[in-house]
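# okay, structure incoming, though there's no sequence with it:
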């Protein structure tokens, strides 16, 4: 039964110590499940608790409580992340309203709470996404169009849940992302076929794989490639600014992942002549939810592109995941719609689109 329009609404701040923290997790998970269906994978509440504060920023949340026949019930949530080290002008937001409570202005109330947080912290830009599950053929067709004309990624937002709300709030479409998934194990013939594309183009490189923190002799290269992740992948019109990384920040990040219960497997391509790592790919999983892994960064140094090193490191990383984590049955990844090189490799490895996300940006000044 839906709640009357006139029902009393109360907004409360929520954190891991709040009695409503489990409601926050449930509302966000229900929204994700509504978007991607059986591709959804819940994370334990402990993961959300441990991840409230990260090495790079903080989470905040407002919960909408609606008075009903049985008392107050959680009807909507806005969870915001404020980066502390770079991009301190941004607030990244996830906003969800339960189906029975939509159309009553709760989304506007929650977004206003996010605006208030931004004002308090001196931030002027809010970024968030709305998504739906596409037919794979539709997703690949839109991807191919976006590779030919990147304006497709910033100029077309098919009508889906949240689109009208985003537009009405004054937000502008600034990027489209594809969420893809592959089932493990990937057939050996598939990986071998992808690797065969490389031929002799990567003969000047060796492949190294590891778990946890990158080896000491690769930390500086890992940091340099991390910095490139903030500038090199297609960003559309998202106001994402360059990040500063060094070996110490890499150490802190890995230590933070370990604290939060996240295991990491990675593979890198090392130029034999110099010993420098010029490409890497990395995946992580919550050790409390061992059946699913998530693609973290994959990048190739610009001076070494065109040698199929993206294929080399992604294939090596998939093999490393299958060897280290045999219980993992699927991997999920996100890419910009117009990211031709990465999506071409993913598609060849059997990744299938399970979500298309419109990324919206709201200026507050």
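Yep, that arrived. Remember, predicted model here, so these are calculated numbers, not experimental data.
# which residue lies farthest from the center of this protein?
residue 69 (37.9 Å; CA atoms, centre = their mean).
# and the nearest residue to residue 113 once chain neighbours are set aside, which helix or strand is it part of?
Sequence neighbours aside, residue 62 is the residue nearest to residue 113 in space, at 4.0 Å (criterion: CB to CB, 6 or more residues apart in numbering). Using the backbone N, CA and C atoms, a C-beta is placed for each residue, glycine as well. Using DSSP states H and E, residue 62 sits in strand 57-68.
# and residue 358, by the same measure?
strand 352-363.
# just checking: what are the partner strands of that strand?
strand 125-132 (antiparallel), strand 172-183 (antiparallel) (DSSP bridges).
# what's the mean pLDDT across it?
Averaging pLDDT along strand 352-363 yields 98.
# same check on stretch 285-292?
pLDDT averaged over stretch 285-292 gives 96.
# gap between that stretch and the chain center?
16 Å (CA atoms, centre = their mean, to the nearest Å).
# what's that stretch in contact with?
The contact list for stretch 285-292 (CB atoms under 8 Å, 6 or more residues apart in numbering) reads 41-44, 46-47, 260-263, 293-294, 325, 327-332.
# list the buried ones in it?
285, 286, 292 (16 or more other CB atoms under 10 Å).
# check stretch 238-247 too.
Quick answer for stretch 238-247 (16+ other CB under 10 Å): 238, 240, 243, 245, 247.
# would you list the phi and psi of the fourth one?
Which is residue 245. phi -130, psi 140 (degrees, to the nearest 10).
# coming back round to it: for residue 200, find the nearest of the strands paired with strand 352-363.
Evaluated with CB to CB, the strands paired with strand 352-363 place strand 172-183 nearest to residue 200, the distance being 27.1 Å.
# and that closest one, what's buried?
Those would be 173, 174, 175, 176, 177, 178, 179, 180, 181, 182, for strand 172-183 by 16+ other CB under 10 Å.
# list the buried residues of stretch 39-50.
Buried residues in stretch 39-50 (16+ other CB under 10 Å): 39, 40, 41, 43, 47, 48, 49, 50.
# go through those and flag which are in strands.
With DSSP state E as the criterion, strands contain none of the buried residues of stretch 39-50.
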